[in-house]
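Asker: From the sequence below, what's the structure:
(one chain, ligands or ions: 1)
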Amino acid sequence: MKLFTKKSDYQHYNLGQNRLGLVPTMGNLHQGHLNLVTESLKENDKTLVTIFVNPKQFGPNEDFSKYPRTLEDDLSALKGLTNSENILVFAPESTQEIYPPGFNTEISVHGLDQTMCGEHRPGHFQGVTTVVYQLFVTSKAHVAYFGQKDYQQFKIIEKMVKDLQLPISLKMVPIAREPSGLALSSRNQYLSNQQKNEAIILFNTLNELAKTYLKDPSESESLRQKYLMSSRSWQYLEIRDAETLRIPDKNTFKVVVAGAYFMGDTRLIDNVILKVRD
Ligand code: AMP
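Answerer: The predicted model follows:
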């Protein structure tokens, strides 16, 4: 395994004819991240894992400063994977490696950010696309792996790749969950055991809505409203066309049922995807 802390060192590395998979992360790796890496290791000669807590994707009142930074543990977890000799890690030693002084460019993908996380985290997805675009260009990867956990993020990056005709393909990897069903997240460590038990309400509610949608979409809409009214802990709860992220209509063949739920100060997100017709 090889570690780069400077962008220029990575750029001088000779990838040769190797096919490269990219796994962008903010570190504090858990099994969800490792599944992305494992998938990439299977499908590529080399896998570049980036570890960078990207300030541009955090809002002013969000957890940027307390976000867990655990590089040593992350490197050990990666070393433990089969074929870890094919892993390259880029963990910038400072924010300036990504945003040098005077950096003044932003990538915005319009439209898909009007709902769900985009509606409630202004600027978040610009921060994501701005860093991901740079990672695509710098890495020269052939394929990049992202989790379904951040479904809206995936759709926005997919649109950026399409609009800018970037020479990279994308793969979405299913959500890794605890046995209870709680989606794995670096933010779960902010939760007490009791909060973790309670947090399962998020996944259960999404499943309940999905089940109801299959029987009767209008009933699922009433149920969605009822859940939203029942607790101030919901930041959003949406049933959307999985392609357009708009309200489902007669052309919809897949829906995403997605929610953000506050457990105390900790914001958790999750989603389920549902095929509604062939
Ligand atoms: P993050 O470090 O939170 O930016 O996540 C890095 C990548 O890991 C993103 O593509 C996430 O969607 C993905 N990811 C995070 N949690 C999970 C999970 N529980 N299952 C699958 N992928 C995940």
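
Asker: isn't residue 75 right next to residue 84, touching?
Answerer: No. Using C-beta atoms under 8 Å as the test, residue 75 is too far from residue 84 to be in contact (9.8 Å). Glycine gets a C-beta too; all of them are placed from N, C-alpha and C.

Asker: Those two: who's more crowded?
Answerer: Between residue 75 and residue 84, residue 75 has the larger neighbour count (other C-beta atoms under 10 Å), namely 20 against 15.

Asker: buried set for the helix or strand containing that one?
Answerer: Per DSSP states H and E: residue 75 is located in helix 71-79. Neighbour-count burial for helix 71-79, counted by 16 or more other C-beta atoms under 10 Å, picks out 74, 75, 77, 78.

Asker: Tell me which stretches of the stretch 51-200 of the chain form helices.
Answerer: With helices called from DSSP state H, counting those that start in this stretch, the stretch 51-200 of the chain shows them at 71-79, 116-120, 124-139, 151-163, 193-215.

Asker: Kindly report the residues of the stretch 151-278 of the chain close to the ligand.
Answerer: Neighbours of the ligand within the stretch 151-278 of the chain, by C-beta under 6 Å from any ligand atom: 173, 175, 176, 183, 184, 185, 186.

Asker: For stretch 125-133, what is the distance to the chain centroid?
Answerer: For stretch 125-133, the separation from the chain centroid amounts to 12 Å (computed by C-alpha atoms, centre = their mean, to the nearest Å).

Asker: sorry, back to before: so what secondary structure elements neighbour the helix holding residue 75?
Answerer: Using 3 or more C-beta pairs under 8 Å, 6 or more residues apart in numbering; DSSP states H and E, the elements in contact with helix 71-79 are helix 31-43, strand 46-51, strand 87-90.

Asker: got the angle between that helix and helix 31-43?
Answerer: Angle, helix 71-79 to helix 31-43, by axes from the mean of the first three to the mean of the last three C-alpha atoms, to 10 degrees: 40 degrees.

Asker: for helix 71-79, what is the average pLDDT?
Answerer: Helix 71-79 shows a mean pLDDT of 98.

Asker: Please see if that helix touches the ligand.
Answerer: No. In terms of C-beta under 6 Å from any ligand atom, no part of helix 71-79 sits within range of the ligand; the closest distance is 10.0 Å.

Asker: what separates that helix from the chain centre, distance-wise?
Answerer: Counting by C-alpha atoms, centre = their mean, helix 71-79 is centred 20 Å from the centre of its parent chain.

Asker: That helix vs strand 46-51, what angle?
Answerer: Computed with the same axes, to 10 degrees, the direction of helix 71-79 lies at 160 degrees from that of strand 46-51.

Asker: Only C-alpha atoms, please: export helix 71-79 in CSV.
Answerer: Output of helix 71-79 as CSV, limited to C-alpha atoms (Å, rounded to 0.1, in the frame of the first residue of the first chain):
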residue,chain,number,x,y,z
LEU,A,71,-6.0,8.3,9.6
GLU,A,72,-3.9,5.7,11.4
ASP,A,73,-6.9,3.4,12.0
ASP,A,74,-8.1,4.0,8.4
LEU,A,75,-4.7,2.9,7.0
SER,A,76,-4.8,-0.3,9.2
ALA,A,77,-8.3,-1.1,8.1
LEU,A,78,-7.2,-0.8,4.4
LYS,A,79,-4.1,-2.9,5.0
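
Asker: so which of the helices and strands packed on helix 71-79 comes closest to the ligand?
Answerer: In terms of C-beta to the nearest ligand atom, the element of these nearest to the ligand is helix 31-43, at 2.5 Å.
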